[in-house]
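*Asks:* Prediction below, plus the sequence it came from.
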Amino acid sequence: MPKINVYLPDELAEAVKEAGVPVSAICQRALEQAVRRVTAIRETTLGDLDDADLAARLPHFTARTRAALKLGIEQAQAAEAPTVGSGHLLGGLLTEGGNLALHVLRAVEIEPDRVGRELARQPLTEAGVAAEDASRRFSGPASNALELAVTEATAFGHNYVGCEHLLLGLIAEPDGTGGQVLRSLGAELRLTRRAVAAALAGYVHLRAQTPQAAASGTTETAAALAAVVRKELQPIVQRIERLEERAGVVTES
């Protein structure tokens, strides 16, 4: 049977040894799940899909993520784009309007409206599909971003792919318009990943404190969530700023 090496940080490796965790079985299960999700993305043929179609083809994606994908697909079709690009996926996230990814952007001081304006100035056509039905598939960068979203979800230990994971996938993808726009506005993968973790922790906390308000998705709850995320992020931002000062790095505000 072929072997695949898995490299872990020293602390985690030591903890795994002490706990006697069955690494092989856990890794095999996680890889099987990731392969199924990635294969589903690569085999997805687009077109006049409704939410039931997307739910059947991408069952691990949340309802909000599927809604954002559907909106991105519709934007690409309305523009008669040759493929659905990463910029269209980002546009779908913005248009959906109520997802956690947007709260995360605000927490790292990137306003979604500004992202939308910058995105509108960019060409959204991307290469990556050489087939007769190219117009019915994701572009190469969009597929990569979706696959990276699956990877991010797996790394968090989540059994679903949410809009926050898609945001991370877009930032991590190097070639697509979506990631280029986000990075040009200051989105950095490691900090945004920490913001997602803080946002999820804040969301759980808020649901425990005010379940009715959180369930209703009120403006007050969204503001409270952003405040929690900013509070969690402040020490991280301060540490980064101190490191940049020591290194003599000058950043724009």
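*Replies:* Received, thanks. Residues are numbered from 1 along each chain as shown.
*Asks:* Ramachandran coordinates for the residue nearest to residue 64 when sequence neighbours are not counted?
*Replies:* In space, residue 64 comes closest to residue 99 once its chain neighbours are excluded; the distance is 4.9 Å by CB to CB, 6 or more residues apart in numbering. C-beta: built from backbone N, CA, C; applies to glycine. Backbone torsions for residue 99, taken as degrees, to the nearest 10, come to phi -90, psi 160.
*Asks:* same deal with residue 185?
*Replies:* The phi/psi pair for residue 185 (degrees, to the nearest 10) is phi -90, psi 0.
*Asks:* Nearest residue to it in space, please, no chain neighbours.
*Replies:* Per CB to CB, 6+ apart, closest to residue 185 is residue 110, 5.1 Å.
*Asks:* same deal with residue 180?
*Replies:* With CB to CB, 6+ apart, the residue lying closest to residue 180 is residue 122, at 7.5 Å.
*Asks:* Spell out the secondary structure type for that neighbour.
*Replies:* Following DSSP: H, G, I helix; E, B strand; the rest coil, residue 122 is assigned to coil.
*Asks:* Where does the prediction get shaky in the protein?
*Replies:* Applying pLDDT under 70 to the chain flags residues 1, 3-9, 30, 33-52, 127-136, 202-253.
*Asks:* mind listing the helices for it?
*Replies:* 10-19, 23-43, 51-57, 63-78, 86-96, 100-107, 112-120, 140-156, 163-172, 177-184, 189-209, 211-216, 219-247 (DSSP state H).
*Asks:* Please list all residues in contact with residue 161.
*Replies:* 37, 58, 60-62, 65, 149-150, 153 (CB atoms under 8 Å, 6 or more residues apart in numbering).
*Asks:* cutoff 10 Å now
*Replies:* 37, 41, 58-62, 65-66, 146, 149-154, 169 (CB atoms under 10 Å, 6 or more residues apart in numbering).
*Asks:* Quickly list what it is bridged to.
*Replies:* residue 61 (DSSP bridges).
*Asks:* For burial, what's the neighbour tally of residue 78?
*Replies:* Close neighbours of residue 78, defined as other CB atoms under 10 Å, add up to 9.
*Asks:* circling back: from the contacts of residue 161, list just the buried residues.
*Replies:* Neighbour counting by 16 or more other CB atoms under 10 Å classes 37, 41, 58, 60-62, 65-66, 146, 149-154, 169 among those as buried.
*Asks:* Out of those, the closest to residue 29 would be?
*Replies:* Checking the buried ones among the contacts of residue 161 against residue 29 with CB to CB, the nearest one is residue 154 at 10.6 Å.
*Asks:* Noted, bye for now.
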